[in-house]
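Visitor: could you look at this predicted model? Sequence included:
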Amino acid sequence: MKIKILFMAFAAALLGAACTATLIKQERKAAPEGGYTLEEVAKHASETDCWMIINGKTYDVSGFVAKHPGGRMILNGCGKDATELFMKRPDGPKTPHPFWAKLKARSFNIGRAATPEK
């Protein structure tokens, strides 16, 4: 019984985040054809406007900052490529984020990151 309740709570949390992200995506203009540049992401580096790049994708986590289970640690990734922070969590338990966090992150994806020119 407890497992079923936990699963239902987990599913509701994921669906809630997905619905919210869908509404945000509908309001936001389409992602640039070449993806979001690091310079564009860097303009969104505050507690109330937080974008980050993780594994080549751009995420707008502005609405999640206050809900982040790790507290203000999420702010360390605002406005930059936060792949290493997300994968290794050097300021916390030094382990990758759990699977459920990776699933939740999908709901904040706003487009791909631009490939840096070499």
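Guide: Ah, there it is.

Visitor: tell me how far the closest residue to T95 other than its chain neighbours lies from W100.
Guide: Once flanking residues are discounted, T95 sits nearest to R89: 6.2 Å by CB to CB, 6 or more residues apart in numbering. (C-beta placed from N, C-alpha, C; glycine too.) Distance, R89 to W100, using CB to CB, to the nearest Å: 15 Å.

Visitor: then K57?
Guide: Here the criterion is CB to CB. By it, K57 lies 18 Å from W100.

Visitor: who has more neighbours out of the two?
Guide: K57 (18 against 11; other CB atoms under 10 Å).

Visitor: who are the contact partners of the more buried one?
Guide: N109, G111, R112, A113 (CB atoms under 8 Å, 6 or more residues apart in numbering).

Visitor: next SSE downstream of the lowest-mean-pLDDT helix or strand in the chain?
Guide: Using mean pLDDT, DSSP states H and E, the weakest-scoring helix or strand in the chain turns out to be helix 2-27, at a mean of 50. The helix or strand immediately downstream of helix 2-27 is helix 38-42, counting by DSSP states H and E.

Visitor: got the CA coordinates for that following helix in PDB?
Guide: Output in PDB follows, covering the C-alpha atoms of helix 38-42 (Å, rounded to 0.1, in the frame of the first residue of the first chain):
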ATOM      1  CA  LEU A  38      26.200  30.100 -23.900                       C
ATOM      2  CA  GLU A  39      26.100  33.900 -24.200                       C
ATOM      3  CA  GLU A  40      22.300  33.800 -24.200                       C
ATOM      4  CA  VAL A  41      22.100  31.300 -21.300                       C
ATOM      5  CA  ALA A  42      24.500  33.600 -19.300                       C
END
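
Visitor: the helix or strand following it: partners in the sheet, and parallel or antiparallel?
Guide: Later in the chain than helix 38-42, the nearest helix or strand by DSSP H and E is strand 51-54. The strands that strand 51-54 pairs with in its sheet are strand 57-60 (antiparallel), strand 80-81 (parallel) (by DSSP bridges).
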